[in-house]
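Undergrad: Provided below for reference: sequence and predicted model.
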Amino acid sequence: MALRTGLRRGELLGLQWAAIDLVKAHLYVRRTLTRTKGGPTFQPVKTHRSARRIVLPRECLASLRRYHARQNIDRREAGPAWQDTGLVFANPTGGPLDPATVQRNHRAVCELADVRSIRFHDPRHTCATLLLEQGVDLVTIKDLLGHAQIHTTADAYSHVRLRLHRQAIESVSDALADESDGPDHDDPDAGDPAPA
């Protein structure tokens with residue numbers, strides 16, 4: 001979900017089933033889960049821009065349906081100990097997951113998969129980078145990520161934009177190289193060469 005939607009960890013942990021429409025394939029980001037001295041606490045999202053609708057890709061829909069079925073098994077197994085919080089990502093008794101525990105589990109998964117350890121926040125950056133590389137405009141990416149200002153998005157992904165600029169300029173060079181491979185300009189029947 002983090003990789004395919006760009007949601008923040010707290011937004012994922014605060015997500016409730018009531019905020020997801022599996023038929024229309026979208027979800028609403030309305031709150032976040034943060035760790036406080038008193039334990040995990042639900043709070044409204046940071047800004048009105050952070051409150052947003054996210055369209056869900058097919059892969060996320062399939063995973064959420066499987067996850068919902070698994071959670072129903074957890075509910076039956078927990079019996080009266082089940083906390084009916086409506087959380088999508090919950091502990092085995094339905095309560096909120098501690099963000100620090102999620103981070104530790106994430107590191108453990110990286111180790112088990114024998115891949116470089118990354119922060120849980122990194123898939124969000126990867127999502128934005130992939131969107132940029134696919135030609136999605138900054139305004140759309142800003143809205144998807146819930147950034148309040150477009151300069152936040154532009155600044156955070158300036159390194160990607162520089163690489164895309166370089167690729168764009170190289171594509172012009174490639175196009176010009178293809179043009180120069182055309183008819184021999186010394187041939188009088190080839191016509192006048194175009195001005196450089």
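TA: Now that the structure is in, tell me what you want to look at. Numbers count the residues shown, from 1 in each chain.
Undergrad: what about residue 121, neighbour count?
TA: Residue 121 has 12 neighbouring residues, counting by other C-beta atoms under 10 Å. For the C-beta atoms, the positions are set from N, CA and C on the backbone; glycine is no exception.
Undergrad: which residues of the protein fall in strands?
TA: Secondary structure of the chain by DSSP state E: the strands cover 20-21, 26-29, 31-36, 39-44, 52-55.
Undergrad: in its sheet, what does the first one sit against?
TA: Translated: strand 20-21. strand 26-29 (antiparallel) (DSSP bridges).
Undergrad: biggest helix in this structure, by residue count?
TA: Among the segments of the chain that qualify as a helix by DSSP state H, the longest is helix 158-180.
Undergrad: Pull the residues that contact that helix.
TA: 128-129, 132-133, 154, 194 (C-beta atoms under 8 Å, 6 or more residues apart in numbering).
Undergrad: Just among these, which is most surrounded?
TA: If you rank those by neighbour count (other C-beta under 10 Å), residue 128 sits at the top with 22 neighbours.
Undergrad: So for the longest helix of the chain, mean pLDDT?
TA: Taken as a whole, helix 158-180 has a mean pLDDT of 76.
Undergrad: hey, which of the strands of the chain is tucked in deepest?
TA: strand 26-29 (a mean of 19; mean count of other C-beta atoms under 10 Å).
Undergrad: chain center to that one: distance?
TA: 13 Å (C-alpha atoms, centre = their mean, to the nearest Å).
Undergrad: quick one: low-confidence ranges for the chain?
TA: Across the chain, the ranges flagged by pLDDT under 70 are 161, 179-196.
Undergrad: can you pull out the helices in it?
TA: Under DSSP H, the chain gives helices at 2-5, 9-13, 58-78, 99-112, 122-133, 138-145, 150-156, 158-180.
Undergrad: Alpha carbons only: can I get the third one in PDB?
TA: These are the backbone C-alpha positions of helix 58-78, laid out as PDB (Å, rounded to 0.1, in the frame of the first residue of the first chain):
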ATOM      1  CA  ARG A  58      -6.100  -3.500  -8.800                       C
ATOM      2  CA  GLU A  59      -3.200  -5.000  -6.800                       C
ATOM      3  CA  CYS A  60      -4.100  -3.100  -3.700                       C
ATOM      4  CA  LEU A  61      -7.800  -4.100  -4.000                       C
ATOM      5  CA  ALA A  62      -6.900  -7.800  -4.300                       C
ATOM      6  CA  SER A  63      -4.600  -7.500  -1.200                       C
ATOM      7  CA  LEU A  64      -7.200  -5.600   0.800                       C
ATOM      8  CA  ARG A  65      -9.900  -8.200   0.100                       C
ATOM      9  CA  ARG A  66      -7.500 -11.000   1.200                       C
ATOM     10  CA  TYR A  67      -6.500  -9.000   4.300                       C
ATOM     11  CA  HIS A  68     -10.100  -8.400   5.200                       C
ATOM     12  CA  ALA A  69     -10.800 -12.100   5.000                       C
ATOM     13  CA  ARG A  70      -7.800 -12.800   7.200                       C
ATOM     14  CA  GLN A  71      -8.900 -10.200   9.700                       C
ATOM     15  CA  ASN A  72     -12.300 -11.900  10.000                       C
ATOM     16  CA  ILE A  73     -10.500 -15.100  11.000                       C
ATOM     17  CA  ASP A  74      -8.500 -13.000  13.600                       C
ATOM     18  CA  ARG A  75     -11.800 -11.600  14.900                       C
ATOM     19  CA  ARG A  76     -13.300 -15.100  15.400                       C
ATOM     20  CA  GLU A  77     -10.200 -16.400  17.000                       C
ATOM     21  CA  ALA A  78     -10.000 -13.400  19.400                       C
END
